[in-house]
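Following is a predicted model, sequence given first.
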Amino acid sequence: MIRRFFAYYSPYKRLFIMDFTCAVVAALLELAFPLAVQWMVDTQLPSRSWSMILLTGLGLLILYLITTGLNFIVGYFGHKLGINIETDMRQRLFEHVQKLSFRFFDNSKTGSLLSRLTNDLWEIGELAHHGPEELFIVLMTFAGAFSIMLIVNWELALVTIIAVPILVWLIVYFSKKLHDVAGSMYSRTADVSARIEDSVSGIRVVKAFGNEVYEVEAFRENNNRLRLAKLRSNFLMSYYSSGMYLMTRLISLLALLIGAWFAYAGKLSYGELIGFLLYVNIFLKPIERINALMDIYPKGMAGFKRACELFDTEPDIRDEPSAVDVRRLRGDIEFRNVTFGYEGHTKVLQHVDLQVRAGETIAIVGRSGAGKSTLCSLIPRFYEIDAGAILIDGLDIRRMTQRSLRSQIGFVQQDVFLFNGTIRENIAYGRLVASEADILEAAQHAHLEGFLEALPEGLDTVIGERGLKLSGGQRQRLAIARMFLKNPPILILDEATSALDTETEQIIQQSLEELSYNRTTLIIAHRLATIRHADRIVVVTEDGISEEGSHDELLARRGVYARLHEAQFGG
Ligand SMILES: Nc1ncnc2c1ncn2[C@@H]1O[C@H](COP(=O)(O)OP(=O)(O)OP(=O)(O)O)[C@@H](O)[C@H]1O
């Protein structure tokens with residue numbers, strides 16, 4: 001973990017060295033003050049040399065000015081280093097999440113992921129900035145102050161160091177406890193985020209069912225768990241700081257009493273005693289720094305650990321090293337004895353054989369849950385098949401890069417997902433480099449021009465989260481426009497028009513027919529009336545593909561299709 005953490009410093013070596021050096025020099029300069037005091041009390045005061053005293057004061061003033069400058073550099077550039085590292089980590093984590101497969105997202109909560117990418121990383125910047133330098137300064141100040149104390153009076157120095165093992169034990173013990181509690185605080189925060197995400201994105205359902213009180217109570221439970229985790233962290237931190245406070249004061253008191261006794265016995269000059277006590281203070285100062293570190297370190301490391309868990313989640317679908325970038329495909333699709341099941345589920349598809357010629361339109365029908373959507377989601381390789389092979393233009397899709405394969409396939413779903421942006425941005429998502437003219441042409445193909453003319457801001461109209469400011473039909477047309485722009489040779493229409501009124505459906509059907517022209521098209525449909533124009537109908541059942549043929553052929557067979565037809569249209 002530590003090695004992985006330090007890898008993030010490598011682009012910022014110069015920044016780190018500057019920050020580190022300034023912090024160390026500033027800490028070293030702190031050691032000069034007790035020396036100056038001791039020297040003043042023992043040498044200058046007895047000889048009443050005021051000019052030397054003033055000179056010493058001037059020297060200290062210069063030292064303080066230098067330290068102020070160094071502290072500014074540490075404050076500004078050190079934090080810059082921390083912020084850069086935090087930003088890089090978040091960026092890499094986001095990139096990694098983008099690479100993960102559908103299987104991962106099927107089992108994740110959006111709010112929880114959100115929390116990992118934001119909340120969990122807050123303290124990492126602070127840890128990256130303060131961690132190494134503080135640790136070094138603490139050790140150095142300890143060693144520096146202790147060496148000087150040894151020189152001043154070794155017996156007294158040894159008495160002072162007796163309590164150090166207890167301090168170390170306290171630090172190690174509480175560091176582990178605080179690390180665990182910080183981890184649980186992050187997971188409670190993730191639960192709260194997930195609950196908020198769920199409830200806010202489903203607010204229409206919440207209100208329609210009048211379940212606001214239920215949501216509030218469920219949230220209260222999550223919120224309360226977070227409160228308890230925070231209280232526990234707070235309790236541990238207070239316990240730890242009080243323990244440390246007591247230990248440090250006991251050490252000071254011990255040094256004062258024994259030092260006074262040594263001075264009384266003539267073993268120590270008064271200047272040496274004052275100097276020694278000031279060094280004891282400096283010797284104990286790192287404890288305060290450790291206290292600050294104890295707040296940052298467990299939180300930062302617990303967040304980093306959670307980030308590492310996500311980094312270690314490998315995408316279950318990867319491009320083979322020999323995978324090729326495919327250019328424009330013709331669109332011949334072949335399923336060869338394909339078997340597939342979701343993780344932990346029985347097989348959804350077994351021994352499926354299917355051939356679709358380029359440019360052909362086939363309709364996929366079957367009972368709900370038979371596996372129609374699953375079959376189609378295997379073509380862009382959203383999931384990895386368990387056995388068999390899927391070929392496009394004779395080439396196994398596993399031998400193509402996922403990016404190039406997916407660039408050849410267009411998916412229009414019933415539940416269209418639109419981004420919170422303008423109509424222009426949403427259409428251009430089909431081809432990010434599209435010109436204005438291309439976007440307008442695509443909108444025209446999707447019969448959107450009338451709708452756009454009626455909008456004062458036209459293409460620049462903001463459509464709200466998931467396109468909520470649009471009607472279902474408008475969302476569909478926007479998705480179709482996006483697909484015209486993408487212009488893929490293979491098209492999958494997943495129940496694209498089942499939620500629309502007849503008039504809108506006719507317009508959209510027309511757009512879809514235009515869209516499917518000259519492309520291999522797979523239409524998943526429940527309502528058999530919408531797929532009669534398909535070249536072929538394929539019936540999916542639990543045993544694979546049970547029937548194939550034209551509408552009339554399938555009716556004549558009096559099999560599954562005929563029964564579905566009868567259920568929809570009556571005898
Ligand atoms: N992401 C998933 N993870 C686990 N199981 C899934 C997942 N998606 C679908 N299933 C299961 O796979 C089976 C086939 O689902 P699929 O959505 O392919 O059926 P379908 O024929 O398209 O159904 P419908 O017509 O109702 O949409 C179902 O039993 C479903 O519960």
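Here it is on my side, so go on.

When you work out contacts or count neighbours from here on, use the C-alpha atoms and nothing else.
Noted.

Please, which helix or strand holds residue 263?
helix 212-264 (DSSP states H and E).

Just list what that helix packs against, helices and strands only.
Contacts defined by 3 or more Cα pairs under 8 Å, 6 or more residues apart in numbering; DSSP states H and E place helix 212-264 against helix 154-161, helix 164-201, helix 270-311.

Distance to the ligand, mean pLDDT and mean neighbour count added to these, as a markdown table?
What follows is those, written out as a markdown table (distance: least, Cα to the nearest ligand atom, whole Å; pLDDT from 0 to 100; neighbours: other Cα atoms under 10 Å):
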| stretch | distance to the ligand | mean pLDDT | mean neighbour count |
| --- | --- | --- | --- |
| helix 154-161 | 61 | 80 | 16 |
| helix 164-201 | 18 | 87 | 18 |
| helix 270-311 | 20 | 83 | 20 |
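
Tell me which of these lies nearest to residue 537.
Nearest to residue 537 among those is helix 164-201 (36.8 Å), distances taken as Cα to Cα.

what residues does the helix or strand just after the closest one touch?
Counting by DSSP H and E, the element after helix 164-201 in chain order, helix or strand, is helix 203-208. The contact list for helix 203-208, computed with Cα atoms under 8 Å, 6 or more residues apart in numbering, reads 199, 212, 215.

what about the second one, distance to residue 219?
According to Cα to Cα, to the nearest Å, residue 212 stands 10 Å off from residue 219.

More neighbours: the two, which one.
residue 219 (19 against 15; other Cα atoms under 10 Å).

In space, what's closest to that one - neighbours in sequence excluded?
Nearest non-adjacent residue to residue 219, counting by Cα to Cα, 6 or more residues apart in numbering: residue 195, 6.6 Å away.

I figured that neighbour hits residue 220, correct?
No: contact criterion Cα atoms under 8 Å: residue 195 and residue 220 do not qualify, at 10.1 Å.

So residue 41: helix, strand or coil?
Under the three-state scheme (DSSP: H, G, I helix; E, B strand; the rest coil), residue 41 adopts helix.

was I right about it contacting residue 273?
No: with contact defined as Cα under 8 Å, residue 41 does not reach residue 273; the gap is 10.3 Å.

before we move on, the earlier item: nearest to residue 238 among the contacts of helix 203-208?
residue 215 (34.1 Å).

Next one: that closest one from the ligand, what distance?
25 Å (Cα to the nearest ligand atom, to the nearest Å).

Who are the contact partners of that residue?
Per Cα under 8 Å, 6+ apart, neighbours of residue 215: 199, 206.

how's this protein carved up into domains?
1-153+296-316, 154-267, 333-570 (the TED database).

packing partners for the host helix or strand of residue 538?
Per DSSP H and E, residue 538 falls inside strand 536-541. The contact analysis (3+ Cα pairs under 8 Å, 6+ apart) places strand 536-541 against strand 361-365, strand 544-549.

nearest to residue 459, of these?
Closest among these, using Cα to Cα: strand 361-365, at 31.7 Å.

continuing past the closest one, what's the next helix or strand?
Heading C-terminal from strand 361-365, the first helix or strand you meet, by DSSP H and E, is helix 372-377.

outside of the very next helix or strand once past that following helix, which residues touch it?
Sequence-wise, the next helix or strand downstream of helix 372-377 (DSSP H and E) is strand 387-392. Residues from elsewhere that reach strand 387-392 (Cα under 8 Å, 6+ apart): 329, 331-340, 351, 379, 396-397.

Run a quick neighbour tally on the closest residue to residue 517 other than its chain neighbours.
With sequence-adjacent residues excluded and distances taken as Cα to Cα, 6+ apart, residue 517 is closest to residue 359, at 7.4 Å. By the measure other Cα under 10 Å, the count of residues near residue 359 is 19.

Spit out the contact partners of residue 359.
Contacts of residue 359 by Cα under 8 Å, 6+ apart are 331, 332, 517, 518, 519, 520, 521.

How about residue 121?
86, 90, 300, 303, 304, 307.

pLDDT score for residue 25?
Residue 25 is assigned 90 on the pLDDT scale.

Helix or strand: which one has it?
Counting by DSSP H and E, residue 25 is found in helix 13-30.

Spatially nearest residue to the residue nearest the centre of the chain (excluding sequence neighbours)?
Centroid-nearest residue in the chain: residue 117, 2.8 Å away (criterion: Cα atoms, centre = their mean). In space, and not counting its chain neighbours, residue 117 is closest to residue 90: 6.0 Å by Cα to Cα, 6+ apart.

And the pLDDT for that neighbour?
93.

what residues are up against it?
117, 118, 121.

if you look at those residues, which of them are in helices?
Under the assignment DSSP state H, the contacts of residue 90 contribute residue 117 to helices.

Low-confidence bits of the stretch 451-571 of the chain, can you list those?
495-502, 532, 570-571 (pLDDT under 70).

all strands of it, in order?
Counting by DSSP state E, counting those that start in this stretch, the stretch 451-571 of the chain has strands at residues 490-494, 520-524, 536-541, 544-549.

mind putting the ones you listed in JSON lines, mean neighbour count and distance to the ligand included?
Shown next, in JSON lines, are the strands of the stretch 451-571 of the chain (neighbours: other Cα atoms under 10 Å; distance: least, Cα to the nearest ligand atom, whole Å):
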{"stretch": "strand 490-494", "mean neighbour count": "25", "distance to the ligand": "8"}
{"stretch": "strand 520-524", "mean neighbour count": "25", "distance to the ligand": "8"}
{"stretch": "strand 536-541", "mean neighbour count": "22", "distance to the ligand": "8"}
{"stretch": "strand 544-549", "mean neighbour count": "18", "distance to the ligand": "11"}
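
As TSV, the ones you listed with distance to residue 507 would be great.
Below are the strands of the stretch 451-571 of the chain laid out as TSV (distance: least, Cα to Cα, whole Å):
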stretch	distance to residue 507
strand 490-494	15
strand 520-524	17
strand 536-541	23
strand 544-549	27
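
Mind checking those strands for the one nearest to residue 167?
Closest among these, using Cα to Cα: strand 490-494, at 65.3 Å.

The closest one vs strand 387-392, what angle?
Angle of strand 490-494 versus strand 387-392, following axes from the mean of the first three to the mean of the last three Cα atoms, to 10 degrees, is 120 degrees.

packing partners for strand 490-494?
strand 409-413, strand 520-524.

Next, format these as CSV and append distance to residue 281.
Compiled in CSV, these are given as follows (distance: least, Cα to Cα, whole Å):
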stretch, distance to residue 281
strand 409-413, 69
strand 520-524, 77
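
one step back: what separates the residue nearest to residue 517 from residue 104, distance-wise?
33 Å.

Same check on residue 33?
According to Cα to Cα, residue 33 and residue 104 sit 59 Å apart.

Of those two, which one has the most company?
residue 33 (17 against 14).

in terms of contact, does the more buried one touch residue 60 like I think?
Yes: judged on Cα under 8 Å, residue 33 makes contact with residue 60 at a distance of 7.3 Å.
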